[in-house]
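Student: What follows is a predicted structure for the sequence shown.
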Amino acid sequence: MNDSNHEPNMEPGVDGSSAAGESALVQRFPASNLQVLAHFYRGELSRANVWRQRMDATTHWAVVSTMAIISLAYSNSDASILLLPFCCVLLYLLLHIEARRYRYFDVWRMRVRMLEVHLMVPALLQGQALAEGNWRETLCNDLLAPNYKMSRIEALGRRLQRTYIWLFLIVLGTWFLLGLGRAGDNALNMEIFGGGDIPGIVVVGFMALFYTYIFAILIMAGPRQDTEIRRKEPSRTHWPI
């Protein structure tokens, strides 16, 4: 710590501990570098917000499209029951789009969190045990060669766990109940689920394989992990950065 922090002619209202924290931070990073990092932080935060909004837009369209197709299938008795398998395909395409956006969002989110932990926390806590590690090297390598922080399967699994699995289950239940309703007093048979030149057994087989694939993604992605905010017992030792 510099001796200048204890000079008697310190300006009124300036806390000694705050001055010490600023001095320690300047020793870690020159003033010019701090300005660059501040602009860098704002830029990465803006990127993360943009990709978060894009993810939310995809989720919005998935929910709206699902509700619209279900409403059409139930409100119009002449509507083909094949609308619901089509809805599954549409949801799957939106899931892939959202998973891709989620992977981009995770890149900027990781950078923002690293800067928050390793720049802002030291400025607020002086003389405390701080999370260090090789974060500078990690961040530099990521700037030189940006890459995703999670696999496509993991991203698909996370978005399924958060939102899409419920939409898929709603469509599946609606499809089955609609088939029961159209069967009436007659015995339920697979041909009810067909339409046009597509036999019902083909549609049933497609739905069985499709949902097997969806649940396989959930299994491969692993159990749902709580984020930092959702943890019941927050601890810096559990942070992924």
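Tutor: In hand now; what should we look at?
Student: By mean pLDDT, which helix or strand of this structure comes out lowest?
Tutor: One helix or strand of the chain scores below all others by mean pLDDT, DSSP states H and E: helix 16-28, with a mean of 52.
Student: May I see the buried residues of stretch 91-103?
Tutor: Taking 16 or more other Cβ atoms under 10 Å as the neighbour-count basis, stretch 91-103 is seen to contain the buried residues 91-92, 94-95, 97-103. For glycine as for every other residue, the C-beta is placed from the backbone atoms N, C-alpha and C.
Student: and the helix or strand hosting Val121, which residues are buried?
Tutor: Val121 belongs to helix 121-124 when elements are defined using DSSP states H and E. Burial within helix 121-124, assessed by neighbour count using 16+ other Cβ under 10 Å, is assigned to Pro122.
Student: next one: stretch 158-175
Tutor: The neighbour-count check on stretch 158-175 (16+ other Cβ under 10 Å) flags 158-161, 163-165, 167-168, 170-172, 174-175 as buried.
Student: Which of those residues fall within strands?
Tutor: Using DSSP state E, no member of those falls in strands.
Student: Strands - which of the buried residues of stretch 91-103 land there?
Tutor: Checked against DSSP E, these include nothing in strands.
Student: could I get those as JSON lines with distance to Leu125 and pLDDT?
Tutor: Output for the buried residues of stretch 91-103, formatted as JSON lines (distance: Cβ to Cβ, whole Å; pLDDT from 0 to 100):
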{"residue": "Leu91", "distance to Leu125": "45", "pLDDT": "97"}
{"residue": "Tyr92", "distance to Leu125": "46", "pLDDT": "97"}
{"residue": "Leu94", "distance to Leu125": "43", "pLDDT": "97"}
{"residue": "Leu95", "distance to Leu125": "41", "pLDDT": "97"}
{"residue": "Ile97", "distance to Leu125": "41", "pLDDT": "96"}
{"residue": "Glu98", "distance to Leu125": "37", "pLDDT": "96"}
{"residue": "Ala99", "distance to Leu125": "37", "pLDDT": "95"}
{"residue": "Arg100", "distance to Leu125": "37", "pLDDT": "95"}
{"residue": "Arg101", "distance to Leu125": "34", "pLDDT": "95"}
{"residue": "Tyr102", "distance to Leu125": "32", "pLDDT": "95"}
{"residue": "Arg103", "distance to Leu125": "32", "pLDDT": "93"}
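Student: And for Lys149, the neighbour number?
Tutor: Counted with other Cβ atoms under 10 Å, the neighbours of Lys149 add up to 14.
Student: For the residue nearest to it when sequence neighbours are not counted, pull up the helix or strand it's in.
Tutor: Spatial nearest neighbour of Lys149, excluding adjacent residues (Cβ to Cβ, 6 or more residues apart in numbering): Asp106 at 5.0 Å. Mapping Asp106 onto the secondary structure by DSSP H and E places it in helix 83-115.
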